[in-house]
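>>> Sequence and predicted model, in that order:
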Amino acid sequence: MNHPQPSGRSARPASWRALPLAAAIVFAAAAALTLPIEPAGAQAKKRKPATHTVVMEGTSFEPAALTVTLGDTVEWVNRDFFPHTATAGGVFDSAIILAGKSWTYTPQKKGEIEYICTLHPTMTGTLTVK
Amino acid sequence: MRTAVALAISLLTGAAVAYAQGPTDAQIASIVVTANQVDIDAGKLAREKASNPQVRKFAEQMITDHTGVNKSATELVTKLGVTPQDNPTSQALKAGGDKNLAKLRGLDSAAFDKAYIDHEVAYHQQVLDAVDQTLIPSAKNAELKALLVKVRPAFVAHLEHAKQLRASLGGM
């Protein structure tokens, strides 16, 4: 008994023949996508340093935990009715920041820095520099 | 003496009756301003009389912080057109403050420092209780309520600071 040949058999070689073309299209597309990525990556390395704000209000630091990139600047703004400080023993010390005033600091090295307000020791914050 | 006690009891009873529905915003304004002023006055005396430098520094900070709060509270009630209204609680705070000043004036050096700090611990606890149980729940104006919420953590910080000083002075 002769079985008929599977109908798909003739179609298979046809799709194999199409493979190189499909691969070429995929490679071209990937190359096109890759090209603009590199300059963008290089740009990110030379990005402009950012300034971050920590608000001192309700006798707390907001945000209490802040992560910045080395080179960035942090500005503490006192929106309370009385003075505060941002003090990390041996690392930085704003001294008195009067109500409505602010103080800026640019970290010099990477690491996690815990700080307080020396006037209100219940006020604590963490600055992570990466 | 008996008259004084009777008066105190009638004042407290009066306060309970008057506040059956909580103090009005005008009464809260008066309580806030008086509570701050009482601590400023004690701080001014301690700035002159305290012998421990840490206690003097604390007193200085109490003057600064509570003056700042009062300035803002006064600006707010002026803006809102609210006239602070004297009431049994503000009167009791003032009377308690005067009594404390009279006691402190009779003390010197370490005894003064201890009495001042002990009172600061008790006073800030008392004011915090009033803020939590009466003032914040009763305040009707949103800005007045927000001001109370905003200054509350400073009173907590003052209380903790005073407790640390009490411990360092060899108190309880």
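Nice, thanks for sending it over.
>>> Contact partners for the closest residue to B:Ser30 other than its chain neighbours?
When the adjacent residues along the chain are set aside, B:Ser30 lies closest to B:Pro84, with 3.8 Å between them (C-beta to C-beta, 6 or more residues apart in numbering or on different chains). Heads up, the C-betas are built off the backbone N, CA and C, glycines and all. For B:Pro84, the contact set (C-beta atoms under 8 Å, 6 or more residues apart in numbering or on different chains) comprises B:26-27, B:29-30, B:33, B:77.
>>> Which of those residues ranks first by neighbour count?
Within the contacts of B:Pro84, most neighbours by other C-beta atoms under 10 Å in any protein chain shown means B:Ala29, with 26 neighbours.
>>> which stretches of chain A aren't confidently modelled?
Within chain A, the ranges that satisfy pLDDT under 70 run A:1-45.
>>> Which segments of it make up each domain?
Split into domains by automatic domain parsing, chain A comes to A:1-47, A:51-129.
>>> Pull up the residues of chain A that are close to chain B.
With the criterion set to C-beta under 8 Å from any C-beta of the partner chain, chain A comes near chain B through A:57-60, A:80-83, A:99, A:119-123.
>>> Please indicate which of the residues you listed are buried?
A:58-60, A:80-83, A:99, A:119-120, A:122-123 (16 or more other C-beta atoms under 10 Å in any protein chain shown).
>>> now the contacts of B:Pro84 as CSV including secondary structure?
As requested, the contacts of B:Pro84 are arranged in CSV below (DSSP: H, G, I helix; E, B strand; the rest coil):
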residue, secondary structure
B:Ala26, helix
B:Gln27, helix
B:Ala29, helix
B:Ser30, helix
B:Val33, helix
B:Val77, helix
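>>> Can you report how many residues lie near B:Gly81?
The local packing of B:Gly81 (other C-beta under 10 Å) involves 6 other residues.
>>> which ones are touching B:Thr24?
Going by C-beta under 8 Å, 6+ apart, B:Thr24 touches B:85, B:138, B:140.
>>> Pick the one among the contacts of B:Pro84 closest to B:Lys163.
Among these, B:Val33 lies closest to B:Lys163 (C-beta to C-beta), at 25.6 Å.
>>> Distance of the closest one relative to B:Leu76?
Distance of B:Val33 to B:Leu76, computed by C-beta to C-beta, to the nearest Å: 11 Å.
>>> With A:Thr126 instead?
Distance from A:Thr126 to B:Leu76, counting by C-beta to C-beta: 33 Å.
>>> How about B:Thr134?
18 Å.
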